[in-house]
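Visitor: build the 3D model from these lines:
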Amino acid sequence: MTTPNYDEKPWIKMPVSELITPKAGSLCKSPAYWAVTPDDCVLFFKTYNSPQCNSIKEIVERIRPNLEIRFIEFAFVPHNCSDFVA
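Guide: Model prediction:
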């Protein structure tokens, strides 16, 4: 099995430091376990509506077995209305 290249589409990477900083217009997701890349970023698949996180640690470990799993109590995710349109 090859390791995905998280620097290419369809992945969006966001630094953890940015994720935990409150911002106007953001959605707050809490609490959750997040897949964290070696360069200290969390992952979203295609849009900000699809974070690679879950409230159950074992689920994140299963879907992202090669990454660090980190508990983040409050995460502030950008809100883009087009992420919710089919």
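Visitor: need the next SSE after the helix ranked longest in the chain, C-terminal direction.
Guide: Scanning the chain for the helix with the most residues, using DSSP state H, yields helix 57-63. Next helix or strand after helix 57-63 toward the C-terminus (DSSP states H and E): strand 68-72.
Visitor: buried residues in that next one, which are they?
Guide: Along strand 68-72, these residues count as buried under the neighbour rule (16 or more other C-beta atoms under 10 Å): 69-70, 72. Quick note: C-beta positions are derived from backbone N, CA and C, even for glycine.
Visitor: quick one: the strands in this structure, in order.
Guide: Counting by DSSP state E, residue ranges of the strands within the chain are 11-15, 27-29, 32-36, 41-45, 53-54, 68-72, 75-77.
Visitor: tabulate those (TSV), appending mean pLDDT and distance to residue 60.
Guide: Shown next, in TSV, are the strands of the chain (pLDDT from 0 to 100; distance: least, C-beta to C-beta, whole Å):
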stretch	mean pLDDT	distance to residue 60
strand 11-15	93	15
strand 27-29	90	13
strand 32-36	96	5
strand 41-45	92	10
strand 53-54	94	5
strand 68-72	97	5
strand 75-77	95	13
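Visitor: nearest to residue 21, out of those strands?
Guide: Closest to residue 21 of the strands of the chain is strand 75-77 (C-beta to C-beta; 6.4 Å).
Visitor: who does that closest one pair up with?
Guide: Strand 75-77 has its sheet partners listed here by DSSP bridges as strand 27-29 (antiparallel).
Visitor: can I get the CA coordinates of the longest helix of the chain in PDB?
Guide: Extracted C-alpha coordinates of helix 57-63, given in PDB (Å, rounded to 0.1, in the frame of the first residue of the first chain):
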ATOM      1  CA  LYS A  57     -10.200   7.800  18.500                       C
ATOM      2  CA  GLU A  58     -10.200   4.200  17.100                       C
ATOM      3  CA  ILE A  59     -12.100   5.400  14.000                       C
ATOM      4  CA  VAL A  60      -9.400   8.000  13.200                       C
ATOM      5  CA  GLU A  61      -6.700   5.400  13.900                       C
ATOM      6  CA  ARG A  62      -8.400   3.100  11.400                       C
ATOM      7  CA  ILE A  63      -8.800   5.600   8.600                       C
END
